[in-house]
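Novice: My questions concern the predicted model and sequence given below.
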Amino acid sequence: MKEFELSFRNPEVKMYVILVAPSFLFALLIILFSNADSKNIYAASIQAVGLAGYYVWRMFHRRKEKLKNNG
């Protein structure tokens, strides 16, 4: 198994920060400043979309890397 590097040179860490951090901040702002009764559902939905986007990108990225290394 390949060693995991926790730095911005690693594309997975970079995309995690690009996709998940803004969704977390946006959800936090919704919780703090929204007057809607279901603000927690909105915040959780935004975070779920951010995480799902990251994992979909990661799946395609790893598939591309595997094909590049095998072929």
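Specialist: On my side now, so go ahead. Residues are numbered from 1 along each chain as shown.
Novice: how many neighbours does the closest residue to Met15 other than its chain neighbours have?
Specialist: Distances taken as Cβ to Cβ, 6 or more residues apart in numbering put Trp57 closest to Met15, at 5.7 Å, once the chain neighbours are dropped. Where C-beta positions appear, they are placed from N, C-alpha and C, glycine not excepted. When neighbours are defined as other Cβ atoms under 10 Å, Trp57 has 16 of them.
Novice: Might one say that Trp57 is in contact with Leu19?
Specialist: Yes: counting by Cβ atoms under 8 Å, a contact exists between Trp57 and Leu19, whose distance comes to 7.2 Å.
Novice: Break down this structure into its helices, ranges please.
Specialist: 11-33, 39-70 (DSSP state H).
Novice: now these as CSV including distance to Glu3 and mean pLDDT?
Specialist: As requested, the helices of the chain are arranged in CSV below (distance: least, Cβ to Cβ, whole Å; pLDDT from 0 to 100):
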stretch, distance to Glu3, mean pLDDT
helix 11-33, 13, 94
helix 39-70, 15, 94
